[in-house]
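1. After the sequence you'll find the predicted model.
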Amino acid sequence: MIAVLKQNATKDQRDHLISWLKDQGLDVHISEGKEHTVLGLVGDTGKIDVELLQSLSIVESVKIISEPFKKVNRKFHPDNSVVEVPGSGVYFGDGSCVVIAGPAVIEGEEQLLSLALKLKEAGAMVLHGDAFKPRTSPYAFQGLGKDGIDILGRVKKEVGLPVMSEIVNTNHIALYEDVDIIQVSSRSMQNYELLKELGTLRKPILLKRGAANTLKELLMSAEYIMDGGNENIILCERGIRTWDFSDGAARNTLDISSVPALHEMSHLPVIVDPSHATGVASMVEPMALAAAACGADGLMIEVHEDPMHALCDGAQALTPDRFAAAAEKIRRVRSALF
Ligand code: PEP
Ligand code: MN
């Protein structure tokens, strides 16, 4: 349920109403918008006398929220949420298109440093490298683990870009102190124990859509994080599994409509990953441009200096030169349209 307050409501009246609602056992989420203050009520709202609430002099309207996701719901927070990556000058949801780039997996310090310098030069704003990789095969390279996170920390200092890395396990959270954005990958989207732990942090969390998950399920996963108190969530569309296994078809189907759909359903920023969505390097730039044009708040793109010999996801990796050309086109699309 939400209660929209009148513009002339005083602070005292507002505080009085909020404490009355809390006394009824409700969790009150306050959103100060440009025009109105919206109180989002979570809990057993059946106890509330809607007519009484509606009749209060400071209440403009009361609406029942039928969707199961509440705190991430656009109705709870009509303005866009802007997620800041502290200390970096990078913001998701402020109208910019944040380009995140990096290798699928950290292979070594020299590899990451050399690539990161090129990515920064080409305009990447966040460096992505994974140290813990969930792989389909137990025999595939699983990442460098803690050593990989340490490498990422050193490269971050050297290059001066904020960094993002995937987490797979709640026991690893302490290792991510120097990681600026923690990524929850598609395979972990419904690891609710992990989401609850990430809800206790205040670091930005990038939450990727599972390959077989609906937008509603993605938003319910985001709700777990936000319910824990962490409002710094970035949603990521990375393609869903559909049924075209023809030669030449993309590995997944990029659901580009999820960008406007999620923007309508939620106040959270939405980025697109054209690399995992297509699995094919030649399709990455066209899909990145489509995402930039449809209003995505960012992109994440995989880049490798030698894709043929990459230890993971080489087929979808752009070379640094190709990435630089794509990044330039992304900037041109954004400045033409937004
Ligand atoms: C990744 O971003 O490196 C990754 C594993 O992605 P996804 O979860 O989308 O497959
Ligand atoms: Mn990958």
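-> Received, thanks. Residues are numbered from 1 along each chain as shown. Ligands and ions are numbered 1, 2, ... in the order given.
2. per-residue confidence at the closest residue to ligand 2 within the chain?
-> Proximity of the chain to ligand 2 (CB to the ion) peaks at Ala104, 3.3 Å away. All C-beta atoms are positioned from the backbone trio N, CA, C, and that covers glycine. Looking at Ala104, its pLDDT stands at 91.
3. I figured it hits Ala310, correct?
-> Yes - contact criterion CB atoms under 8 Å: Ala104 and Ala310 qualify, at 6.7 Å.
4. which residues sit in contact with Arg61?
-> No Arg there; residue 61 is Ser. Residues near Ser61 by CB atoms under 8 Å, 6 or more residues apart in numbering: 3-4, 54.
5. quick one on the thing from earlier: more neighbours: Ala104 and Ala310, which one.
-> More crowded of Ala104 and Ala310, by other CB atoms under 10 Å: Ala104, with 24 against 21.
6. need the contact list for Thr281.
-> For residue 281 the amino acid is Ala, not Thr. Going by CB under 8 Å, 6+ apart, Ala281 touches 307, 315-318, 322.
7. again, only this time at 10 Å
-> Applying CB atoms under 10 Å, 6 or more residues apart in numbering, we find Ala281 in contact with 275, 302-304, 307, 313-319, 322.
8. and if you look at Gln54?
-> Residues in contact with Gln54 (CB under 10 Å, 6+ apart) are 3, 60-62.
9. With Asp44 instead?
-> Here Asp44 is in contact with 24-26 (CB under 10 Å, 6+ apart).
10. Touching both of Ala104 and Ala310, which residues are there?
-> Shared contacts of Ala104 and Ala310 (CB under 10 Å, 6+ apart): 141, 302-304, 316-317.
11. What residues does the stretch 101-250 of the chain have near ligand 1?
-> For the stretch 101-250 of the chain, the residues in contact with ligand 1 (CB under 6 Å from any ligand atom) are 104, 130, 166, 185-187, 208, 238.
12. Where strands are concerned, which of those count?
-> Judged by DSSP state E, strands contain the following of those: 166, 208.
13. among the residues of the stretch 101-250 of the chain next to ligand 1, which ones are buried?
-> Neighbour-count burial within those applies to 104, 130, 166, 185-186, 208, 238; the criterion is 16 or more other CB atoms under 10 Å.
14. For those residues, give me a markdown table that also has distance to Met226.
-> Output for those, formatted as a markdown table (distance: CB to CB, whole Å):
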| residue | distance to Met226 |
| --- | --- |
| Ala104 | 28 |
| Asp130 | 24 |
| Glu166 | 20 |
| Ser185 | 19 |
| Ser186 | 19 |
| Lys208 | 16 |
| Arg238 | 20 |
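15. Quick one: the strands in the stretch 151-300 of the chain, in order.
-> Per DSSP state E, counting those that start in this stretch, the stretch 151-300 of the chain carries strands over the ranges 163-166, 181-184, 205-208, 233-237, 270-272, 298-302.
16. other SSEs contacting the very next helix or strand once past the last one?
-> So the one you mean is strand 298-302. As assigned by DSSP states H and E, the chain's next helix or strand after strand 298-302 is helix 320-337. Judged by 3 or more CB pairs under 10 Å, 6 or more residues apart in numbering; DSSP states H and E, helix 320-337 is in contact with strand 98-102, helix 109-122, helix 281-293, strand 298-302.
17. tell me the angle of the third one relative to strand 98-102?
-> Here the directions of helix 281-293 and strand 98-102 differ by 160 degrees (axes from the mean of the first three to the mean of the last three CA atoms, to 10 degrees).
18. ok, helix 281-293 near ligand 1 or not?
-> No - under the criterion of CB under 6 Å from any ligand atom, ligand 1 is not reached by helix 281-293; the shortest gap measures 13.0 Å.
19. by how many degrees do that helix and strand 233-237 diverge?
-> Computed by the same axes, to 10 degrees, the angle between helix 281-293 and strand 233-237 is 130 degrees.
20. Does helix 281-293 reach ligand 2?
-> No - if you take CB under 5 Å from the ion as the test, helix 281-293 misses ligand 2, and the best it gets is 11.9 Å.
21. Report the buried residues of that helix.
-> Within helix 281-293, the residues scored as buried using 16+ other CB under 10 Å are 281, 283-285, 287-293.
22. what's the distance between the residue nearest the centre of the chain and Val82?
-> Closest residue to the average C-alpha location of the chain: Ile234 at 2.0 Å, with CA atoms, centre = their mean. Here Ile234 is placed at a distance of 11 Å from Val82 (CB to CB, to the nearest Å).
23. what's the answer for Val98, then?
-> For Val98 relative to Val82 (CB to CB), the value is 11 Å.
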